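A.B. asks: this is a predicted model, with the sequence first.
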Amino acid sequence: MSEATEEYHTPVLVERVVEFLALGPTRGEIMDGTVGGGGHSAAILQRIPESRILAVDRDPEALERSREVLAAWEGRVRFLRARFDEAARGAGMLGPSLGGALLDLGISSRQIDADRRGFAFRSGEAPLDMRMGGGAEGGPTAADILNQWEEEELARLFREYGEEPRGRRLAAEVAKRRSTRPLKTARDLLDAMSVAFRGKVGPKEKARVFQALRIQVNRELESLEAALPLIREALLPGGVLVVIAYHSLEDRIVKHTLKDWSRSCVCPPALPVCRCRGEPLGTLLTRSVVRPTDSEVASNARARSARLRAWQRAE
Ligand SMILES: C[S@@+](CC[C@H](N)C(=O)[O-])C[C@H]1O[C@@H](n2cnc3c(N)ncnc32)[C@H](O)[C@@H]1O
């Protein structure tokens, strides 16, 4: 992997991703639905002979970067700026075409480091934007949500998407402040958090509130839920889906969906005998979730929360 890739974003669980995707049929493209800095794609192209990649990202900057990183494999990579659910719909439009698909969810280290995009609370002056696709996709920013949503809805957002137990207090403080001046920057939100959390605003609190807003701004759970069945339909027989999730809300969706697709019987539980005689749609390749080793976590802190699951469509 090139040094440039490492600086932008260090990909996680690379060996396992390649190992699973190598099980798929080589005649189909592999959709990297979250190409980011191109680290996973580079490893796939290097290690799976004859593989071809459909490189997708909703962030135009990420796509530009991956174009540079993957330039050495010209002719084996196509690039598409889109959400991965849109890309999957396109890939399956004329029937199954994919040998594999990878979703490495969330945001890249680069997006977190780019203060002007408002993904992190590091710089107080950063605008509360958080749209992964920048202005290209439109849609409300984090500031729009904070300034326009009902207090009750904000409280639910912090609690459900941020798993922040004091979400109600924060929502009340935001509502109070915006009645005199709209929240615009990370500093404005940090000030509200400081009052609501009685001065205790550490990395954990920041991460929870940041996560809640980011998930909502980018409609991340909706995109994932829409994408999974579309990817399944776009996979060729024997095609493999690999998903890496970084928080329990995403992982829960992936876990239940893949488990559901691997069941041989889809009769209601109350039925005493199986009537459906259903064939499973495919096989779960990861009986239990795959996590990074201690040494990977020691060299890349971001890997700490990664959870990988893989599934193979029936032949
Ligand atoms: C964790 S990073 C991926 C890093 C990449 N695997 C690498 O090796 O550099 C996630 C990337 O997915 C993109 N992304 C997140 N959700 C997306 C979606 N629904 N559709 C398309 N891209 C998405 C983000 O813009 C970001 O660039």
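C.D. replies: Alright, I've got the coordinates. Note that the coordinates shown come from a computational prediction; the quantities given were computed from them, not determined experimentally.

A.B. asks: pull up the residues of the stretch 1-150 of the chain that are close to the ligand.
C.D. replies: Contact residues (C-beta under 6 Å from any ligand atom) of the stretch 1-150 of the chain with the ligand: 9, 11, 33-34, 36-40, 56-59, 62, 83-84, 104, 106-108, 132. Using the backbone N, CA and C atoms, a C-beta is placed for each residue, glycine as well.

A.B. asks: in this structure, which spans are strands?
C.D. replies: 29-32, 53-57, 77-81, 98-104, 235-245, 282-284, 307-313 (DSSP state E).

A.B. asks: does the fifth one come close to the ligand?
C.D. replies: No: contact check for strand 235-245 against the ligand, using C-beta under 6 Å from any ligand atom: none in range, with a minimum separation of 7.7 Å.

A.B. asks: packing partners of that strand?
C.D. replies: Using 3 or more C-beta pairs under 8 Å, 6 or more residues apart in numbering; DSSP states H and E, the elements in contact with strand 235-245 are helix 14-21, strand 98-104, helix 220-234, helix 248-261, strand 307-313.

A.B. asks: CSV for these, including mean neighbour count and mean pLDDT?
C.D. replies: Below are the helices and strands packed on strand 235-245 laid out as CSV (neighbours: other C-beta atoms under 10 Å; pLDDT from 0 to 100):
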stretch, mean neighbour count, mean pLDDT
helix 14-21, 19, 98
strand 98-104, 27, 98
helix 220-234, 20, 97
helix 248-261, 17, 96
strand 307-313, 23, 98
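
A.B. asks: the ones you listed: which one's closest to Arg52?
C.D. replies: Nearest to Arg52 among these is strand 98-104; the distance by C-beta to C-beta comes to 8.4 Å.

A.B. asks: can you name the residues that contact Phe84?
C.D. replies: By C-beta atoms under 8 Å, 6 or more residues apart in numbering, Phe84 lies in contact with 31, 33-34, 56, 58, 103, 223, 227, 231.

A.B. asks: show me the two of the residues you listed that sit farthest apart.
C.D. replies: Greatest spatial distance in these: Arg58 and Ile231, 15.6 Å, computed using C-beta to C-beta.

A.B. asks: rewinding a little: between the contacts of Phe84, which is nearest Ser248?
C.D. replies: The closest of the contacts of Phe84, once distances to Ser248 are taken by C-beta to C-beta, is Leu103, at 16.2 Å.

A.B. asks: how close does the closest one get to Phe84?
C.D. replies: 6 Å (C-beta to C-beta, to the nearest Å).

A.B. asks: and for the two, which residues touch both?
C.D. replies: Both Leu103 and Phe84 are contacted by 33-34, 227, 231, under the criterion C-beta under 8 Å, 6+ apart.

A.B. asks: what's the neighbour count on Glu205?
C.D. replies: For Glu205, the count of nearby residues is 20 (other C-beta atoms under 10 Å).

A.B. asks: equivalent analysis for Val195, please.
C.D. replies: Val195: 16 surrounding residues under other C-beta under 10 Å.

A.B. asks: just checking, it touches Glu173?
C.D. replies: Yes: contact criterion C-beta atoms under 8 Å: Val195 and Glu173 qualify, at 5.2 Å.

A.B. asks: any idea which helix or strand in this structure has the lowest mean pLDDT?
C.D. replies: helix 3-8 (a mean of 56; mean pLDDT, DSSP states H and E).

A.B. asks: could you measure the residue nearest the centre of the chain against Thr293, distance?
C.D. replies: Centroid-nearest residue in the chain, with C-alpha atoms, centre = their mean: Leu105, separated by 1.9 Å. For Leu105, the distance to Thr293 equals 20 Å [C-beta to C-beta].

A.B. asks: Gly282 too?
C.D. replies: Distance of Gly282 to Thr293, given as C-beta to C-beta: 27 Å.

A.B. asks: ok, the two, which is more surrounded?
C.D. replies: Set side by side, Gly282 and Thr293 show more neighbours around Gly282, with 21 against 11, by other C-beta under 10 Å.

A.B. asks: just for the protein, where's the confidence low?
C.D. replies: Low-confidence regions of the chain, defined by pLDDT under 70, span residues 1-6, 115, 121-123.
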